[in-house]
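K.L.:
below: sequence and its predicted model.
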Amino acid sequence: MAAFASLPVICFAYQTHEIVLPVYSCLSKPRAKNFIKSTFFSLVILIIIYMLGGTYGYLTFGDNVRADIIQMYDARDPVVATGIIALIIKMISTYVPIMFCALDGLYAEWMRLTTEQYIKGERCRRIIATTFWNLLVLILAIVTPNITIAIETLGSLAACNVFVFPGICMISLASRHLNGYYYKIQNERRLLKELEGTRKWSIIWYLLRSYGLFIILFGCGMFILVCIQVGIDITSTIEEILEKRRHFNQLESHTNVTGLLQTESICL
């Protein structure tokens, strides 16, 4: 169960693949070679930064280190405050562009916009959508007790991109090939005859369709299990907070009673 529930954390890393095309188009020289170089250097820098952060966290706090290391440092320290500001800038400049693909595509499809209408209202639409996403993320960041819960939730949603949606595309592609869709739409007898000669490959398409169904079920199962795990984590975190609050109230009551007894003894 624990190993299965850890997969969404890995899937979360693949959530950023949707921004590949916008980043590629924004390169000064959009070539595959330049894109591979920029991706490689970015990954190297990220690996170094995360390894340094994890190393210093364990060296400073040992086994008591939390999932979010920043919470364990004093925010009043100028160095820590600088790191927090840099993290905020990074989040604003990276996570919001990831949503552009979904926002533009879904909005244009839903509203059935023409090309002229789409270009005309693009600036206003992006300002509104970006503001909405930032406010929503801010609210979720305030009410979420643990960053691990957020990563698990996003990872479970990313599992749809990694398993469910590709599985649906694979089933659709295999079904079209098995039904001769690409040949029939061209309405050419020669191609229809060639289709008869490719029947021996039908077993391969059946296997691909079965594999697509398998990864769909796998992704759905992982999504359900992780949602259950997130619910358990939220419940345990809330219980831990309430327990600490009860302990604090008991300690405060004991302190007040002790102070009152000392005052009475002095008066006597």
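P.N.:
Cool, got the structure. Numbering: from 1, shown residues only.
K.L.:
Ile85: helix or strand, and which one exactly?
P.N.:
Secondary structure here is read from DSSP states H and E; on that basis Ile85 sits in helix 78-98.
K.L.:
so for stretch 218-237, mean pLDDT?
P.N.:
The average pLDDT within stretch 218-237 is 79.
K.L.:
where are the low-confidence patches of the stretch 151-268 of the chain?
P.N.:
Low-confidence segments of the stretch 151-268 of the chain, defined by pLDDT under 70, are located at 151, 155, 178-201, 252-268.
K.L.:
which stretches of it form helices?
P.N.:
All helices of the stretch 151-268 of the chain, identified by DSSP state H, counting those that start in this stretch, fall at 165-178, 181-184, 189-197, 202-267.
K.L.:
now do the first one: which elements does it pack against?
P.N.:
Just to be clear, that refers to helix 165-178. In terms of contacts (3 or more Cβ pairs under 8 Å, 6 or more residues apart in numbering; DSSP states H and E), helix 165-178 is packed against helix 202-267. C-beta here means a position set from N, CA and C on the backbone, and glycine is covered the same way.
K.L.:
could you dump the helix or strand harbouring Leu136 to CSV, C-alpha only?
P.N.:
Assigning secondary structure by DSSP H and E places Leu136 in helix 122-143. As requested, the backbone C-alpha atoms of helix 122-143 are provided in CSV (Å, rounded to 0.1, in the frame of the first residue of the first chain):
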residue,chain,number,x,y,z
GLU,A,122,-6.6,36.6,-25.1
ARG,A,123,-5.0,39.3,-22.9
CYS,A,124,-8.0,40.0,-20.7
ARG,A,125,-8.8,36.2,-20.4
ARG,A,126,-5.3,35.4,-19.3
ILE,A,127,-5.2,38.1,-16.7
ILE,A,128,-8.5,36.9,-15.2
ALA,A,129,-7.5,33.2,-15.3
THR,A,130,-4.0,33.8,-13.8
THR,A,131,-5.5,35.9,-11.0
PHE,A,132,-8.1,33.2,-10.3
TRP,A,133,-5.5,30.5,-10.2
ASN,A,134,-3.2,32.5,-7.9
LEU,A,135,-6.0,33.2,-5.4
LEU,A,136,-7.1,29.6,-5.4
VAL,A,137,-3.6,28.4,-4.8
LEU,A,138,-3.1,30.9,-2.0
ILE,A,139,-6.3,29.7,-0.3
LEU,A,140,-5.3,26.1,-0.6
ALA,A,141,-1.8,26.8,0.7
ILE,A,142,-3.3,28.5,3.8
VAL,A,143,-5.8,25.7,4.6
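K.L.:
so what does it touch, helix or strand wise?
P.N.:
Under the contact criterion of 3+ Cβ pairs under 8 Å, 6+ apart, the helices and strands touching helix 122-143 comprise helix 78-98, helix 100-111.
K.L.:
mean pLDDT lowest where, among those?
P.N.:
Among those, helix 100-111 carries the lowest mean pLDDT, a mean of 64.
K.L.:
which is the next helix or strand following that helix?
P.N.:
In the C-terminal direction, the helix or strand that comes right after helix 100-111 (DSSP H and E) is helix 115-120.
K.L.:
can you list the buried residues in that following helix?
P.N.:
By neighbour count, and taking 16 or more other Cβ atoms under 10 Å as the criterion, helix 115-120 has no buried residues at all.
K.L.:
if we can go back for a sec, pull the distance from the helix holding Ile85 to the chain's centre.
P.N.:
Centroid separation between helix 78-98 and its chain, computed with Cα atoms, centre = their mean, to the nearest Å, is 17 Å.
K.L.:
one more: stretch 61-70?
P.N.:
Between the mean C-alpha location of stretch 61-70 and the chain-wide mean there is a distance of 22 Å, by Cα atoms, centre = their mean.
K.L.:
then stretch 47-64?
P.N.:
Centroid separation between stretch 47-64 and its chain, computed with Cα atoms, centre = their mean, is 22 Å.
K.L.:
one more: stretch 140-147?
P.N.:
Its chain's C-alpha centre and that of stretch 140-147 lie 14 Å apart, by Cα atoms, centre = their mean.
K.L.:
please apply the same query to stretch 76-86.
P.N.:
Between the mean C-alpha point of stretch 76-86 and the mean C-alpha point of its chain there is a distance of 25 Å (Cα atoms, centre = their mean).
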